[in-house]
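Novice: Predicted model and sequence follow; I will ask about them next.
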Amino acid sequence: MLQTLHTLENHPMIEINPLCKPPLDPEFAPAVLWNRAYLKAADAAADSRPVRIAIDRPEGHTWVYTTTLLPATEAHAADTLKYCERTVKFLLWAWGGSQVRISNAPEVVEKLQAIYSADGARQFDYDFMGKTCFDQDFCIQNADASEIQEALPPATGGVGSLKGNRLGFDLGGSDRKCAAMINGEVVFSEEIKWSPYFESDPAYHRAGIQDSLKRAAAHLPSVDAIGGSAAGIYINNVPRVGSLYRGISAKDFKESIRPLFYELKAEWNDIPFELANDGDVTAMAGAMAIDDSAVLGISMGTSLAAGYINPQGSVTGWINELAFVPVDYREGVATDEWSGDDGCGVQYFSQQAVGRLLPLSGITVSPDLGLPEQLEVVQTKMTAGDERALAIYQSIGIYFGYTIAHFADFYSFRHLLFLGRVSSGQGGDIIMQEARRVLDLEFPELSKTLQFQTPDEKTKRHGQAIAAATLPKID
């Protein structure tokens, strides 16, 4: 089926012509331009088809994306498959779910079933979205449009949810932070070093979290709610994937880590207890800092991390793993070594992006240097005015401008929170300048409504624990 997918993509009819081209990668094919060109053609076609795509989870939650496809003819088959496959991939890694239902496109569903299978081109996605995240086989099915209805999870607390006596914690790889709040006023905040990555005993994690909670709780007359933040994927307060637990065996992870936060909730008298991905909580901290909502946070670090606060000021329950969403629609370039897919976010907005562009820039580094050290070389050369380093940041900035517009077709946001090691220094300024230039030229209406934000040092250090405290909803 990998061959079938590539064969179809070799005969596209959709063409794009970006106004801005990355100096080190001028053939970049922005997903947003390709999608919009396809949709423009579909809107102009006499026999175009309205289509609904549902992403379902086992507990009954469903998110729906509505779009339009070209007529089901051989002439349009390649472009329609490409559009649908890339869109489904984006929705899976933005929203997260183990079942996809699609209306009014049976010929596309048949192809996608083979592509997203145990031996298909998207085997990684099939396994991850199925057994790894949701404990069931992944599937793609036909459905009647009338059967596809949204069923959203209950809203969390969020921006402005400050009443009561709250604890908030943030679990990092080198430290854990915890804060205590009374009606929005921070009365205690503490950071304690720990080293969870290679601990094989789940009791280490439990004891560390409980210790931080108890130390913070000592500064409150009582505890009404607890909110937490940690790296990884958490579904309904259950850890599914997380680097913090890399030293724990699969058996102990299932038996001791997955129920951990439900057990902690019970030990704290079943008060409201909410856990969210640290990207979402970073976005929440940014929203609190600017006293607004509708925030998409993008962190360019070791990988691409993201978080989202919707216009209502709450986290959504989405997984927001934008490292795996397609942003470049070329074939055979910037292949992610983990998923085996081409053109996904991690290769464009992270230290990996810098490492990929380094040889193209003409800067030579020792092959023994790791990605963090390669980034340091580029940052040093940027400070010294090296035009080759400038071209790296300009390329990332142009990628970013087009991709911000791509994200805006799926996320509703007014603020773009920009952080991570790649964003630091003069290079980060160049990325933001180039991204804004792309938005001004190609997407002026979006550019008028979008503000770029960068977190201050206080928000970076302790803002996440404080923001996490707002997650639980107190009736």
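Specialist: Perfect, thanks for sending it.

Novice: In which helix or strand does the spatially closest residue to His219 that is not a sequence neighbour reside?
Specialist: Among residues not flanking His219 along the chain, Phe188 sits closest, at 3.9 Å (CB to CB, 6 or more residues apart in numbering). The C-beta positions use only the backbone N, C-alpha and C, and glycine is treated the same way. Using DSSP states H and E, Phe188 maps to strand 185-193.

Novice: And that strand, what does it pack against?
Specialist: strand 175-182, helix 202-217, helix 464-468 (3 or more CB pairs under 8 Å, 6 or more residues apart in numbering; DSSP states H and E).

Novice: and if we set it to 6 Å?
Specialist: Counting contacts by 3 or more CB pairs under 6 Å, 6 or more residues apart in numbering; DSSP states H and E, strand 185-193 packs against strand 175-182.

Novice: buried set for the strand it packs on?
Specialist: Within strand 175-182, the residues that count as buried by 16 or more other CB atoms under 10 Å are Arg176, Lys177, Cys178, Ala179, Ala180, Met181, Ile182.

Novice: how about the residues you listed in TSV, adding distance to Gly60 and pLDDT?
Specialist: TSV is the format used below for the buried residues of strand 175-182 (distance: CB to CB, whole Å; pLDDT from 0 to 100):
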residue	distance to Gly60	pLDDT
Arg176	33	93
Lys177	34	93
Cys178	33	95
Ala179	33	95
Ala180	35	97
Met181	33	95
Ile182	36	96
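
Novice: Tell me how far Thr380 lies from Gln374.
Specialist: 11 Å (CB to CB, to the nearest Å).

Novice: So for those two, which sits in the more crowded spot?
Specialist: Gln374 (18 against 12; other CB atoms under 10 Å).

Novice: sec struct for the nearest residue to Ile363 once chain neighbours are set aside, please.
Specialist: Leaving aside its chain neighbours, Ile363 sits nearest to Arg388 (5.0 Å; criterion: CB to CB, 6+ apart). What DSSP: H, G, I helix; E, B strand; the rest coil gives for Arg388 is helix.

Novice: again with the one 5 residues further on
Specialist: When classified by three-state DSSP, Tyr393 comes out as helix.

Novice: Neighbours of it, how many?
Specialist: 25.

Novice: what residue of the protein is the furthest out?
Specialist: Most distant residue from the mean C-alpha position of the chain: Pro221, 37.3 Å away (CA atoms, centre = their mean).

Novice: Got phi/psi on that residue?
Specialist: Main-chain torsions, Pro221, degrees, to the nearest 10: phi -70, psi -30.

Novice: Relative to Thr470, how far out is it?
Specialist: Per CB to CB, Pro221 is found 19 Å from Thr470.

Novice: Check Cys139 too.
Specialist: From Cys139 to Thr470 the distance is 36 Å (CB to CB).

Novice: quick one, which of the two is more surrounded?
Specialist: Thr470 (30 against 16).

Novice: Skipping its backbone neighbours, what lies nearest the more buried one in space?
Specialist: In space, Thr470 comes closest to Ser161 once its chain neighbours are excluded; the distance is 4.5 Å by CB to CB, 6+ apart.

Novice: hang on, the one you found packs against Ala469?
Specialist: No: look at Ser161 against Ala469 with CB atoms under 6 Å: they stay out of range, at 8.7 Å.

Novice: neighbour-wise, which of these two wins?
Specialist: Ala469 (33 against 21).

Novice: Who is the nearest residue to the more buried one once chain neighbours are set aside paired with across the strands?
Specialist: Nearest-residue entry for Ala469: Gly168, 2.8 Å, with adjacent residues in sequence omitted and distances by CB to CB, 6+ apart. Per DSSP bridges, the residues bridged to Gly168 are Ala179, Gly227.

Novice: I'd like to know how many residues surround Gly168.
Specialist: By the measure other CB under 10 Å, the count of residues near Gly168 is 31.

Novice: Now do the same contact list for it.
Specialist: Gly168 sits next to Ala179, Gly227, Ala465, Ile466, Ala468, Ala469 when contact means CB atoms under 6 Å, 6 or more residues apart in numbering.

Novice: element containing Ile431, please.
Specialist: Assigned by DSSP H and E, Ile431 belongs to helix 425-442.

Novice: Just the buried residues of that helix, please?
Specialist: Applying 16+ other CB under 10 Å to helix 425-442 flags Gly427, Gly428, Ile430, Ile431, Met432, Glu434, Ala435, Arg436, Arg437, Val438, Leu439, Glu442 as buried.

Novice: I'd like the next helix or strand past that helix.
Specialist: helix 444-449.

Novice: Now do the end-to-end distance for stretch 113-130.
Specialist: Counting by CA to CA, to the nearest Å, you get 13 Å between the two ends of stretch 113-130.
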